[in-house]
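J.: Pasting the sequence and the predicted model now:
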Amino acid sequence: QVQLVESGGGLVQPGGSLRLSCASSGFTFNSGAMSWYRQAPGKERELVATITSLTGSTTYADSVKGRFTISRDNAKNTVLLQMNSLKPEDTAVYYCNARRKNVIPTYDYWGQGTQVTVSS
């Protein structure tokens, strides 16, 4: 049974920090890319950050570059998102995603999401 369980969300003041964690099980974690997406009320889900499986290379949305850091621990099947200098516009539900496109069988799994609210 595939599971992606996010944790670490909450309420934080502008300028503060949070660290999101996604614990994964039930699939070959180290063979696919891991990403964080977010969805704010009334907006489409957007890609925040991705980390690849083999090289660990990372990409970020322009809106979070220099503030957010994605990392993965293949031994613990966990992906993290360190969020610093948070802004009110970072408020959203954050989702963990696991995706493997180039190896059969492919997969595309989602977590249930964790709420992040940035407000004074």
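T.: In hand now; what should we look at?

J.: Please make it C-alpha for all contacts and neighbour counts, starting now.
T.: Noted.

J.: Please work out how many residues are found near Thr52.
T.: 19 (other CA atoms under 10 Å).

J.: hmm, I was thinking of Gln1
T.: 5.

J.: ok, now which ones touch it?
T.: Applying CA atoms under 8 Å, 6 or more residues apart in numbering to Gln1 gives the contacts 25-26.

J.: Could you rerun that using 6 Å?
T.: Contacts for Gln1 (CA atoms under 6 Å, 6 or more residues apart in numbering) come out as Gly26.

J.: Give me the three-state assignment for Ala23.
T.: strand (DSSP: H, G, I helix; E, B strand; the rest coil).

J.: residues touching the most centrally placed residue in the chain, list them.
T.: The residue lying closest to the centre of the chain (CA atoms, centre = their mean) is Trp36, at 2.4 Å. Trp36 makes contact with 48-49, 95-96, according to CA under 6 Å, 6+ apart.

J.: Using TSV, lay out those residues together with pLDDT and distance to Arg19.
T.: TSV is the format used below for the contacts of Trp36 (pLDDT from 0 to 100; distance: CA to CA, whole Å):
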residue	pLDDT	distance to Arg19
Val48	98	14
Ala49	98	14
Tyr95	98	13
Cys96	97	13
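
J.: most neighbours, which of those?
T.: In the contacts of Trp36, the most neighbours by other CA under 10 Å go to Cys96, 29 neighbours.

J.: Okay, and the beta partners of that one?
T.: Trp36 (DSSP bridges).

J.: Help me confirm that it comes into contact with Gln112.
T.: No. Cys96 is beyond contact range of Gln112, at 7.9 Å (criterion: CA atoms under 6 Å).
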